[in-house]
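1. Based on what follows, work out the 3D shape:
(chains A and B)
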Amino acid sequence: GDSVTQMEGPVTLSEEAFLTINCTYTATGYPSLFWYVQYPGEGLQLLLKATKADDKGSNKGFEATYRKETTSFHLEKGSVQVSDSAVYFCALTKGAQKLVFGQGTRLTINP
Amino acid sequence: DSGVTQTPKHLITATGQRVTLRCSPRSGDLSVYWYQQSLDQGLQFLIQYYNGEERAKGNILERFSAQQFPDLHSELNLSSLELGDSALYFCASSVGFLDTGELFFGEGSRLTVL
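-> Model (predicted):
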(Lines give C-alpha, C1' and ligand atoms only; values in the text may rest on other atoms or scores of the structure.)
Protein backbone atom coordinates (compact mmCIF):
# COMPACT_ATOMS: atom_id res chain seq x y z
CA GLY A 1 0.00 0.00 0.00
CA ASP A 2 0.90 3.66 -0.07
CA SER A 3 3.46 4.74 2.49
CA VAL A 4 5.67 7.63 3.58
CA THR A 5 9.15 7.37 5.07
CA GLN A 6 10.77 10.23 6.93
CA MET A 7 14.28 10.65 8.23
CA GLU A 8 14.52 9.53 11.79
CA GLY A 9 14.78 12.10 14.48
CA PRO A 10 15.19 13.78 16.71
CA VAL A 11 16.97 16.59 14.92
CA THR A 12 18.68 19.31 16.96
CA LEU A 13 20.02 22.46 15.35
CA SER A 14 21.21 25.87 16.40
CA GLU A 15 19.24 28.97 15.53
CA GLU A 16 19.85 30.25 11.98
CA ALA A 17 21.07 26.85 10.78
CA PHE A 18 19.88 25.31 7.51
CA LEU A 19 17.26 22.62 7.85
CA THR A 20 16.50 19.59 5.71
CA ILE A 21 14.08 16.86 6.71
CA ASN A 22 13.97 14.03 4.20
CA CYS A 23 10.75 12.43 3.04
CA THR A 24 10.23 9.72 0.44
CA TYR A 25 7.03 8.05 -0.57
CA THR A 26 5.74 4.88 -2.15
CA ALA A 27 2.53 5.16 -4.10
CA THR A 28 1.06 4.16 -7.42
CA GLY A 29 -0.26 6.91 -9.60
CA TYR A 30 0.06 10.56 -8.70
CA PRO A 31 -0.37 11.38 -5.03
CA SER A 32 -0.59 14.83 -3.52
CA LEU A 33 2.09 15.53 -0.92
CA PHE A 34 1.95 17.50 2.30
CA TRP A 35 3.95 18.64 5.28
CA TYR A 36 2.09 19.03 8.55
CA VAL A 37 3.55 20.52 11.74
CA GLN A 38 2.62 19.75 15.34
CA TYR A 39 3.67 22.35 17.89
CA PRO A 40 3.89 21.26 21.55
CA GLY A 41 0.48 20.56 23.05
CA GLU A 42 -1.37 21.19 19.81
CA GLY A 43 -2.91 19.24 16.97
CA LEU A 44 -1.37 18.98 13.54
CA GLN A 45 -1.72 21.83 11.09
CA LEU A 46 -0.97 22.02 7.40
CA LEU A 47 2.37 23.68 6.64
CA LEU A 48 2.58 23.31 2.85
CA LYS A 49 1.52 21.09 -0.01
CA ALA A 50 2.21 20.17 -3.63
CA THR A 51 -0.26 18.42 -5.88
CA LYS A 52 1.79 17.50 -8.96
CA ALA A 53 5.33 16.75 -10.01
CA ASP A 54 7.80 19.67 -9.87
CA ASP A 55 5.40 21.78 -7.81
CA LYS A 56 7.01 23.67 -4.96
CA GLY A 57 5.05 24.26 -1.79
CA SER A 58 6.13 27.07 0.52
CA ASN A 59 4.99 28.69 3.74
CA LYS A 60 6.62 30.49 6.68
CA GLY A 61 10.05 30.20 5.05
CA PHE A 62 9.73 26.45 4.55
CA GLU A 63 9.85 24.90 1.09
CA ALA A 64 9.45 21.44 -0.42
CA THR A 65 9.54 20.34 -4.06
CA TYR A 66 7.60 17.35 -5.41
CA ARG A 67 10.21 15.17 -7.14
CA LYS A 68 8.54 12.31 -8.94
CA GLU A 69 11.79 10.88 -10.32
CA THR A 70 13.13 10.35 -6.80
CA THR A 71 9.70 9.98 -5.11
CA SER A 72 10.74 12.62 -2.59
CA PHE A 73 9.35 15.72 -0.90
CA HIS A 74 12.14 17.01 1.34
CA LEU A 75 11.39 19.91 3.67
CA GLU A 76 13.91 22.78 3.78
CA LYS A 77 14.34 26.08 5.55
CA GLY A 78 17.27 28.38 5.13
CA SER A 79 17.45 29.79 8.66
CA VAL A 80 15.54 28.14 11.48
CA GLN A 81 14.24 29.85 14.60
CA VAL A 82 13.56 28.57 18.10
CA SER A 83 9.86 28.89 17.33
CA ASP A 84 10.24 26.23 14.60
CA SER A 85 10.74 23.58 17.27
CA ALA A 86 7.98 21.05 16.62
CA VAL A 87 7.24 17.64 15.14
CA TYR A 88 7.03 17.60 11.35
CA PHE A 89 4.99 15.02 9.42
CA CYS A 90 5.20 14.25 5.74
CA ALA A 91 1.97 12.87 4.27
CA LEU A 92 0.31 11.86 1.03
CA THR A 93 -3.16 11.43 -0.30
CA LYS A 94 -4.36 10.00 -3.56
CA GLY A 95 -7.74 10.46 -5.14
CA ALA A 96 -9.02 12.33 -2.08
CA GLN A 97 -8.61 9.26 0.09
CA LYS A 98 -7.26 9.29 3.61
CA LEU A 99 -4.03 11.03 4.47
CA VAL A 100 -1.14 8.64 5.04
CA PHE A 101 1.44 10.08 7.43
CA GLY A 102 5.10 9.38 7.97
CA GLN A 103 6.44 8.67 11.43
CA GLY A 104 7.17 12.30 12.20
CA THR A 105 10.48 14.05 12.87
CA ARG A 106 11.00 15.95 16.11
CA LEU A 107 12.95 19.16 15.55
CA THR A 108 14.54 21.14 18.38
CA ILE A 109 16.17 24.49 17.74
CA ASN A 110 18.56 25.80 20.37
CA PRO A 111 19.18 29.54 20.77
CA ASP B 1 -7.50 27.44 17.04
CA SER B 2 -8.47 24.95 14.35
CA GLY B 3 -12.16 25.01 15.22
CA VAL B 4 -12.19 21.29 16.02
CA THR B 5 -13.07 20.51 19.62
CA GLN B 6 -12.20 17.29 21.40
CA THR B 7 -13.20 16.15 24.86
CA PRO B 8 -11.90 15.06 27.25
CA LYS B 9 -8.35 16.35 26.91
CA HIS B 10 -7.00 13.77 29.34
CA LEU B 11 -8.42 10.47 30.51
CA ILE B 12 -6.96 7.88 32.87
CA THR B 13 -8.65 4.52 33.21
CA ALA B 14 -7.96 0.88 33.96
CA THR B 15 -7.55 -2.15 31.75
CA GLY B 16 -10.82 -3.74 30.71
CA GLN B 17 -12.76 -0.49 30.92
CA ARG B 18 -14.62 1.40 28.21
CA VAL B 19 -14.29 5.06 27.28
CA THR B 20 -15.89 7.44 24.81
CA LEU B 21 -14.04 10.27 23.11
CA ARG B 22 -16.01 13.10 21.58
CA CYS B 23 -15.28 15.38 18.65
CA SER B 24 -17.04 18.43 17.25
CA PRO B 25 -15.82 19.29 13.75
CA ARG B 26 -15.33 22.76 12.33
CA SER B 27 -18.53 24.51 11.40
CA GLY B 28 -19.51 23.41 7.91
CA ASP B 29 -17.19 20.39 7.73
CA LEU B 30 -18.97 17.16 6.85
CA SER B 31 -16.04 14.73 7.16
CA VAL B 32 -14.59 13.55 10.44
CA TYR B 33 -11.44 11.45 10.78
CA TRP B 34 -10.00 9.68 13.79
CA TYR B 35 -6.27 9.08 14.20
CA GLN B 36 -4.27 7.36 16.92
CA GLN B 37 -0.83 8.71 17.77
CA SER B 38 1.47 6.51 19.80
CA LEU B 39 5.22 6.62 20.31
CA ASP B 40 5.96 3.37 18.50
CA GLN B 41 3.28 3.47 15.79
CA GLY B 42 3.30 7.09 14.75
CA LEU B 43 0.05 8.55 13.45
CA GLN B 44 -2.36 5.81 12.43
CA PHE B 45 -5.61 6.40 10.57
CA LEU B 46 -8.54 4.72 12.27
CA ILE B 47 -11.76 5.67 10.52
CA GLN B 48 -13.54 8.37 8.52
CA TYR B 49 -17.16 9.47 8.46
CA TYR B 50 -18.86 11.71 5.96
CA ASN B 51 -22.22 13.23 6.77
CA GLY B 52 -23.11 10.43 9.13
CA GLU B 53 -21.87 7.50 7.06
CA GLU B 54 -18.69 5.51 7.37
CA ARG B 55 -16.47 6.21 4.33
CA ALA B 56 -13.09 4.68 5.02
CA LYS B 57 -11.59 2.35 7.55
CA GLY B 58 -7.99 2.03 8.56
CA ASN B 59 -6.25 0.13 11.31
CA ILE B 60 -9.14 0.21 13.72
CA LEU B 61 -9.42 -2.65 16.18
CA GLU B 62 -12.67 -4.56 16.59
CA ARG B 63 -12.79 -3.33 20.21
CA PHE B 64 -13.08 0.21 18.86
CA SER B 65 -16.11 1.71 17.18
CA ALA B 66 -17.17 5.14 16.06
CA GLN B 67 -20.17 6.99 14.78
CA GLN B 68 -21.11 10.40 13.46
CA PHE B 69 -24.40 11.90 14.60
CA PRO B 70 -26.90 14.05 12.68
CA ASP B 71 -25.41 17.20 14.18
CA LEU B 72 -22.07 15.98 12.70
CA HIS B 73 -20.27 15.48 15.98
CA SER B 74 -18.52 12.15 16.29
CA GLU B 75 -17.70 9.73 19.07
CA LEU B 76 -14.98 7.11 19.26
CA ASN B 77 -15.74 4.25 21.63
CA LEU B 78 -12.87 2.18 22.99
CA SER B 79 -13.74 -0.96 24.96
CA SER B 80 -11.93 -3.76 26.77
CA LEU B 81 -9.03 -1.40 27.07
CA GLU B 82 -5.48 -2.70 27.12
CA LEU B 83 -2.24 -1.04 28.19
CA GLY B 84 -1.27 -0.72 24.53
CA ASP B 85 -4.28 1.48 23.85
CA SER B 86 -2.61 4.31 25.73
CA ALA B 87 -2.12 7.01 23.11
CA LEU B 88 -3.15 10.42 21.89
CA TYR B 89 -6.35 10.23 19.86
CA PHE B 90 -6.89 12.97 17.32
CA CYS B 91 -10.02 13.97 15.54
CA ALA B 92 -9.77 15.94 12.32
CA SER B 93 -12.32 17.38 9.95
CA SER B 94 -12.57 18.57 6.37
CA VAL B 95 -15.27 20.02 4.18
CA GLY B 96 -15.50 17.01 1.86
CA PHE B 97 -13.29 14.17 0.79
CA LEU B 98 -9.89 15.75 1.20
CA ASP B 99 -10.37 17.80 -1.99
CA THR B 100 -7.65 20.18 -0.91
CA GLY B 101 -5.83 17.63 1.22
CA GLU B 102 -6.15 19.80 4.28
CA LEU B 103 -7.38 18.33 7.51
CA PHE B 104 -8.08 20.47 10.56
CA PHE B 105 -7.01 18.73 13.74
CA GLY B 106 -8.23 19.05 17.28
CA GLU B 107 -5.80 19.14 20.18
CA GLY B 108 -6.32 15.48 20.92
CA SER B 109 -7.51 13.33 23.80
CA ARG B 110 -4.73 11.69 25.76
CA LEU B 111 -5.76 8.28 27.03
CA THR B 112 -3.74 6.52 29.70
CA VAL B 113 -4.65 2.93 30.52
CA LEU B 114 -3.22 1.65 33.80
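2. mind showing which ranges of chain A have poor pLDDT?
-> Across chain A, the ranges flagged by pLDDT under 70 are A:95-97.
3. 80 - rerun?
-> Flagging of chain A using pLDDT under 80 yields the residue ranges A:94-98.
4. Who are the contact partners of the residue of it at minimum distance from chain B?
-> Scanning chain A for the residue nearest chain B gives A:Gly43, at 3.2 Å (criterion: C-beta to the nearest C-beta). Any C-beta I mention is one placed from the backbone N, CA and C, and that applies to glycine too. If you count contacts by C-beta atoms under 8 Å, 6 or more residues apart in numbering or on different chains, A:Gly43 has them with B:Ser2, B:Val4, B:Phe90, B:Ala92, B:Phe105, B:Gly106, B:Glu107, B:Gly108.
5. A:Phe101 too?
-> Taking C-beta under 8 Å, 6+ apart, one finds A:Val4, A:Tyr36, A:Phe89, A:Cys90, A:Ala91, B:Tyr35, B:Gly42, B:Leu43, B:Phe45 in contact with A:Phe101.
6. need the contact list for the residue lying closest to the fourth one once chain neighbours are set aside.
-> It refers to A:Cys90. Using C-beta to C-beta, 6 or more residues apart in numbering or on different chains and skipping the chain neighbours, the partner closest in space to A:Cys90 is A:Cys23 (3.5 Å). Residues near A:Cys23 by C-beta under 8 Å, 6+ apart: A:4-7, A:33, A:35, A:64, A:72-75, A:90, A:102.
7. can you check A:Ser83 too?
-> A:Ile109.
8. can you confirm it is in a helix?
-> Yes. Counting by DSSP: H, G, I helix; E, B strand; the rest coil, one finds A:Ser83 located in a helix.
9. Going along the chain, name the strands of the chain.
-> Since no chain was named, I'll use chain A. For chain A, the strands defined by DSSP state E cover A:3-6, A:11-14, A:19-21, A:23-26, A:32-38, A:44-50, A:56-59, A:62-65, A:75-77, A:86-93, A:100-101, A:105-110.
10. if you could check chain B rather than the one you did, that'd help
-> Going by DSSP E, chain B shows strands at B:5-7, B:10-13, B:19-24, B:31-38, B:42-50, B:53-57, B:64-68, B:74-78, B:87-94, B:104-105, B:109-113.
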